[in-house]
Every structure is written in structure tokens, then in C-alpha cells.
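Engineer: A structural model of the following input is requested.
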Amino acid sequence: MTPLGAADTALSPMLPPAWAHEVQAVLGPDEKLLAWLEPDLDASLFFVSGIMLLTPERLVSRESLAHQWVSWPLSATQSLQHRDHAGVGTIELFEGETRLGVWRHTLGMAPAVSRLTELFASLQQKLADPLRALETNAASCPSCGTPYAPDQDDCAVCDHDPVGPSDTWALLRLARFAQPYKLPLIVGFVLTLMSTAATLVPPYLTMPLMDNILIPFQNGKPINYDLVSLYLTALVVAGLLAWLLGWARTYLLAWVSERIGADLRTATFTHLQTLSLQYFGGKRTGDLMARIGSETDRINLFLSLHLLDFANDVLMIAMTACILISIDPWLALTTLIPLPAIIWMIHLVRHRLRFGFEKVDRSWSELTNVLADTIPGIRVVKAFAQEHREVARFREANDRYLAVNDRINKVWALFAPTVTFLTEIGLLVVWIFGILQVASSTITVGVLAAFLAYIGRFYTRLDSMSRIVSHTQQAAAGAKRIFDILDHVSSVPDAQRPVPLDRVQGRIELRNVGFRYGSRTVLRNVNLSIGAGEMIGLVGHSGSGKSSLVNMICRFYDVTEGGIRVDGVDIRSYSLASFRRNIGLVLQEPFLFFGTIAENIAYGKPEATRAEIVAAARAARAHEFILRLPQGYDSLVGERGQALSGGERQRISIARALLIDPRILILDEATSSVDTTTEMEIQEALDNLIQGRTTIAIAHRLSTLRKADRLVVLDRGEIVEIGNHDDLLARGGAYHDLYQAQSRQVQPEVDADAALATDNPAEKMPTEAKVASQVAASDQNRQGAADV
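Structural biologist: Numbers count the residues shown, from 1 in each chain. Below is the predicted model:
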């Protein structure tokens, strides 16, 4: 058998070992494998190991090793369609309107499916119009030979990641945060220049002290004490001036850098608040906390300390070099001998440190993620006795962080002593050349002494400036991670010219709404009109799209197809703040912030008076239990409201929604996690809340939806039924099946009650009536098999 063609040379090693021989056997001698995937579900949605192959001539499939190969020659009338829902993808091959084959897969196969369908479309284009396809799609990947799909610039098989801007560029972008502080920065630069000049005065006075005072005294001349007093006074004045200017410079630039760091933290957090839930869904809390916290602190430290030292070093080296050249150009030239080697080492180490500190930042984020997961979930950790497991997770993350730092320290431990050694070599060369100059009477001893004093400062600053590389790369890596947040554009953008919205009436209209989350289709072709003040109940199995639908209405996500209108205006035309101020949200798991009960109730309306807060709490049936607390409305609720019970937290959440007086109310399973008594109390509060408001309720329990004007039944992201409870039961459709499923779960408990309570008058009831009675009662405290 001839081996696979050049196009699949890169692909064949990736084939599963169980299929490699089978694939070679089924392909022709000159047949090239363009793409393949493993459909891992059968028609009954059980896991299987199948395979699909795409070549330029045909599509080949085998359901499993126990089945036979099936092949379809490619033609211009074929189409390969792909759709997915609730984690299950479906691929269908059509010849006109006739379905030839169907395959199912989990979403883990999505990249391979996308590659295969794109290449299939490319082949179809060639078959439909060979000349045009030859002009527009003749190119193929030079790495693996895969032909490009239409309008494709990169290979679908080989992932060529573009190289982004350097970290140093990210550090330079911080300059925009320095714009408000131009004047203090200019003053700081002038102070740095003056303080550096002041520190260079004492070495220069070494020459007259040596040549005019000490050496003449050794030759028998008397000391001129007036001249000595002048030189010493100049030394003291220069020292005091350098100290005063250095203090002013350090304080001023530290003041500026602290404010730049504070502005950076505020800007990052402010931008983070504008991003959609889709962004937060793909991020870890610990990672975001590390970026805003430790990364900005590192940048702030660099700006306030290391950048100041760097500027001082540069000025000191430049001014010292000028003085050295003015004293003796040839002797000054010898000081530059180690400079090329130091510059080369800085360039070499900078790249290693850049990638090293990026790994350090990621490792630190992993460590923070463990803390962010474990501390809020400490009750679950202790309930399952998994303390040792979490300690092991932390230790593993900590070891990775330690290992990355060790690798950086190995590089830095070699670099720093090497620079010091090179500067010592340079100093030795200056000594040798200087002694020769003195011996030949080219320079005096005083000049050599002053020169050596300046050389010491020159090399000290050069060594210090080389060490700044480490801090620069640390700050640059942190700046890059900060700008990763600042550069991210929200997938739910605010309106540029928003339509004014003073008061919402509450009419909601969904027109052909579709939504995809990543590669998964969640909603499709949803059409629904809700009148102002109407209560709608959303019904359906888990994963049918109920929560996604209310997320669209709240505009936590934007629709990918169609549109949503409120009072006749597309909600994307309203500003996010004005629109959401008219929406009240009560979740299954209410979130309370650390603070007092009054602060949590007034979260949506911080300016609310105590009377308004109490009124909202009374309407939410929360006033009584609040008064029983030690500090009443000023009692602390603890971290995430842990000091309160689930029902109490829920009533605080309802009071919070009542206080803002929303025109649109969203109830997302507001009573599903509480007991019967608590549910009755919460239901009373909800009855007050929904009066006069457009309400959309999702509930597991039918009792919550009894008062709904209409029930909307969702299945696989589509509306399948709309009507009230009685009408939907009479139709015998999807809602009827859901209701019966819940009733069947209640039936065994009814029979058990009948066996234990033979003297109960209810036993004399007909069986059907008794079951119906029990079902109605159980609707208030049981979650059935259906997700209603």
C-alpha cells in the first residue's frame, strides 16, 4: 500500500492508533487525507468510537470498528450541515433534500468539525465552479499541504499564532497615565538633574586638594588653611545640597508614581465593570484579583523606586562621562572597555527574564486561584473532609511558582556577578593606564585620584543600571497583563447615542432571537410578545434555554440573531445603566455583599432613606426577622450573607428588588432551594413584588407559576408551546409530559402515605382524586423530575 500523501503526512501521526491501519487500508494509493474527526456519539447518544475521513474525491465514514466503511463520492449538489444544542453536535450530509448520513458528537470535537466542514465547503466550491475556485482558492498550507478554505488566510490545521507586541511596549503605554502629572514630572526631572550634579562636585574637588594642598605639603610647603576651609566648605555645601535635592526629588516622584498606580488600578477595575458576563465566564477570579492587585503594585514599585534609580543612573553616567572626557580623553576611553560586553549581556538576559516573569505571573495567578476557590468554598471542603486535597493543590501550585522563580534566579545569579567582574576588570585597566600616565608626567596624582573617584561612581551606576533589567521586565510583564484587560472590548457594547429612557412601560418583544455561546447553539428562532404588566412563566427541561433567555432580556449577553425590543425600541439602543435600572432580578442563590442589612437592601438605590428601606423590607416579609437581629438593620450579614439563612437572604434580595421599583421583574428559580414554610413566606413577598410589573419567572415548582398569565414551554432552545396551565394540560403536549413526570414522582409517596394512614378520611377519596390532591399539595415543596 502506498503511504498517505503529502497532505496527510502531518495528519497521519495524529490518527488514533486503533484507526491508523484501517485508514491506510481504505484510502487509495494516491488519495490524500485532508481532514478527519471522530464522531463519539451514536443515534441513542451512547459513546462510540467512529471516524469520518475527507479526501478530495469522497467522504468516508465508519460508525465503529464493528461496522463497515461507507463512502460518498463528492458532488456539487451535496451539502454538509452542522448544528449543535445542549452539548450535542449533529452533522448531516445532504444530496439536494435527501439526507445521506448523520453523525453526532460532543462539543470536544468542535475544532475538528469546523476544520472538516470548512474544507468540505472549499471542495464544493471547486466542484461548482472549477475555474473560479482555481483562481481564488489554489493556495494550500506550506506546512501540511491542507488547501485553504474561501477567504482563509491561515491554515485551519496548523495554528500559527502571531507574535504580539513586546512587553517593553506595554510598559511604555503607561505613559498615558502620566499625562495628568506633567508638571510634577518635569520638576522631578529638574531636581534629579540638580541632585546628580551636586553629587559630582566632591570628586572634582579631589584634584585641587591633592595637587594644591597635600602634595605641596609633602614637598615642604606650608598648608594654606584658608584654601582648605574653602574646599571643605564646598564639600559640605555640595553634600547638603545633594541631600536636600535628593529628598525633594524622591518624595515628589514617589507621590506621582503612587497616583499613577492608583489611576491604573481604578481604570482597570472601571473597565472590568463594563465587560460582559461572557468575559468573566472565561476568567478565574484569582487571576483577575492578581492582575489588579499584585501586578499594579509591582508597576507602582517600579515607577516609584526603580525607574527613579534608572533615571538617576543614566544622568550620573552621562555627566560622569562628560567630566572624565574633559579631564583626560584617552584615560576616559579606557573606562569603556567593559561596556560592549555588559550591553550584550543585558540584551541576552532581558529576553530570558521577559518570558520567565510571564511564567511567574501565571504561576502566581494559579496560586491565587486556589485561594479564591478554597476560602469561599471552605464549608464544602470541610463537609467532604477534603482539607488534605486542597492543601495538596496549594502545595502543587506553590511548588510550580517556586520552580519558575528558581529558573529566573539561576539566570540572574550568573548575570549580576559577571557585570561586577567586568567593572572590576575595567577599573584595573584604568589603574594600569593611569599609573603609566603619572609616570610619564602626562597627568598629576590629583587628576588620577579624581579620575578614580569618578570611575568608581561610573561603574557603580553602570552596575546598578544593568540590575534594573530584572525590575523592568517584571513591571513590563505586569503591564502587559493589565493591558490585556484594558484592551478587551466588551461583547455587550453600550450605545454611542442612546435613546432616552425615563420610565419603562414593560412591553417586551422578541423577534427571531438566536444565541450561540461559543460553538454551542443555545437559542434559535425565538418569537414572543409580552404585554406590560403580564406575568410569563418559563418552563422546560434543564438546558432548554430558560436562563439564557432572561440573560438576553437583561442584556447580560447580546443576541447573535434577531433582536429584543422593550416598549418598541431595540434594547441595544438604550444605555446599559438606564435600561438595567428598570429591571429587578431575584436569583435562586441571592448574593449579599459584606456590610449591613440596610446597605444590602439599598444596593440598587444608595440614596434611599431608612423609611424606604424599612418599607421595602416589610413588603418582602423581612422586617420581622431583621428586628430580631442584635443590631436590626445595622447587623452585618457576613461574607456573602453567611450570617443569614437561605430564606432570609432571599427575602433581603426581594427587598432589594422592591426598593428600586422596577417595571420589569426577573424571577430565576427564586424559591427552589428553600423549605415549604419559607417558600410560602417568600411567595407572599413575591406576590407584592409582581403587582403591576412585567414579570418573567423561571421555577422548578409549579406553585410558583400558578398565577402566571401564560406559560412558555422551551425545548432545545426553541418555543414549542404557549398557553395557560389548563390549556397546555389539555393539549397533551410537552407541558403535559413535564407535568405528568412530576406527578409520577409524587405517586409512590402517595401510596406510602395511604398504607400508613388507614384511618385518614382522605382514604375514602377515589384514587385519582387523592393523587391529584396530593400532587397539588406537593407542588409547593418538591422539585419534580421536570425542570419547570
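Engineer: what's the single longest helix in this protein?
Structural biologist: helix 387-439 (DSSP state H).
Engineer: mean confidence for whichever helix or strand comes after it?
Structural biologist: Downstream of helix 387-439, the first helix or strand assigned by DSSP states H and E is helix 445-486. In this model, helix 445-486 has an average pLDDT of 75.
Engineer: quick one: terminal-to-terminal distance for stretch 624-636?
Structural biologist: One end of stretch 624-636 to the other measures 16 Å (CA to CA, to the nearest Å).
Engineer: List the buried residues of it.
Structural biologist: Residues of stretch 624-636 classed as buried: F625, I626, L629, Y633, S635 (neighbour count, 16 or more other CB atoms under 10 Å). Heads up, the C-betas are built off the backbone N, CA and C, glycines and all.
Engineer: Give me the contact list for that stretch.
Structural biologist: 594-598, 601, 610, 613-614, 617, 643, 648, 651 (CB atoms under 8 Å, 6 or more residues apart in numbering).
Engineer: lowest-confidence helix or strand of this structure?
Structural biologist: Within the chain, no helix or strand scores below helix 767-778, which has a mean of 39 by mean pLDDT, DSSP states H and E.
Engineer: coming back round to it: just name whatever secondary elements the longest helix of the chain is in contact with.
Structural biologist: With contacts taken as 3 or more CB pairs under 8 Å, 6 or more residues apart in numbering; DSSP states H and E, helix 387-439 sits against helix 329-334, helix 339-374, helix 445-486.
Engineer: Please identify the deepest-packed of those.
Structural biologist: Stretch with highest mean neighbour count among these: helix 445-486 (a mean of 21; mean count of other CB atoms under 10 Å).
Engineer: Which neighbouring elements make contact with that one?
Structural biologist: Here helix 445-486 touches helix 167-172, helix 201-208, helix 225-274, helix 296-301, helix 307-327, helix 339-374, helix 387-439, going by 3+ CB pairs under 8 Å, 6+ apart.
Engineer: Which of these sits closest to I91?
Structural biologist: helix 339-374 (36.1 Å; CB to CB).
Engineer: Tell me the buried residues in the following helix or strand past the closest one?
Structural biologist: Next in sequence after helix 339-374, counting helices and strands by DSSP H and E, comes helix 378-383. By neighbour count on 16+ other CB under 10 Å, the buried set for helix 378-383 is V381.
Engineer: mind checking how far helix 378-383 is from the chain centre?
Structural biologist: Its chain's C-alpha centre and that of helix 378-383 lie 26 Å apart, by CA atoms, centre = their mean, to the nearest Å.
Engineer: what mean pLDDT does that helix have?
Structural biologist: 75.
Engineer: What lies in contact with it?
Structural biologist: Counting by CB under 8 Å, 6+ apart, T374, Q386, E387, E390 sit against helix 378-383.
Engineer: of the residues you listed, closest to H21?
Structural biologist: Distance to H21 across those (CB to CB) is lowest for Q386, with 44.5 Å.
Engineer: count of neighbours near the closest one?
Structural biologist: Close neighbours of Q386, defined as other CB atoms under 10 Å, add up to 15.
Engineer: leaving aside the residues next to it on the chain, what's closest to it?
Structural biologist: V380 (8.0 Å; CB to CB, 6 or more residues apart in numbering).
Engineer: I'd like the distance between the nearest residue to T374 once chain neighbours are set aside and S195.
Structural biologist: Distances taken as CB to CB, 6+ apart place E390 nearest to T374, at 4.9 Å, with adjacent residues excluded. From E390 over to S195 the distance is 52 Å, taken as CB to CB, to the nearest Å.
Engineer: Of those two, which one has the most company?
Structural biologist: Using other CB under 10 Å as the criterion, E390 and S195 rank with S195 on top: 22 against 18.
Engineer: Surely that one touches L253?
Structural biologist: No - in this structure, S195 is not within contact of L253 by CB atoms under 8 Å, at 11.3 Å.
Engineer: Low-confidence regions, the stretch 651-788 of the chain specifically.
Structural biologist: 670-679, 681-682, 700-704, 742-788 (pLDDT under 70).
Engineer: can you give me the helices for it?
Structural biologist: Applying DSSP state H, counting those that start in this stretch to the stretch 651-788 of the chain gives helices spanning 676-690, 725-731, 734-756, 767-778.
Engineer: re the thing from before, determine which two of the buried residues of stretch 624-636 are furthest apart.
Structural biologist: Pairwise over the buried residues of stretch 624-636, using CB to CB, the maximum falls at F625 and Y633, 11.4 Å.
Engineer: burial count for A495?
Structural biologist: Neighbour tally, A495, other CB under 10 Å: 15.
Engineer: surely it meets V569?
Structural biologist: No - the criterion here is CB under 8 Å, and A495 misses it with V569 at 10.5 Å.
Engineer: mind showing which ranges of the stretch 51-200 of the chain have poor pLDDT?
Structural biologist: Residue ranges of the stretch 51-200 of the chain with pLDDT under 70: 85-87, 128-168.
Engineer: where exactly do the helices run in it?
Structural biologist: Counting by DSSP H, counting those that start in this stretch, the helices of the stretch 51-200 of the chain are 110-128, 130-136, 167-172, 182-199.
Engineer: Among these, which comes closest to T560?
Structural biologist: Smallest distance to T560 across the helices of the stretch 51-200 of the chain (CB to CB): 16.1 Å, for helix 110-128.
Engineer: what's that closest one packed up against?
Structural biologist: Packed next to helix 110-128, using 3+ CB pairs under 8 Å, 6+ apart, are strand 35-37, strand 51-54, strand 78-85, strand 88-95, helix 130-136.
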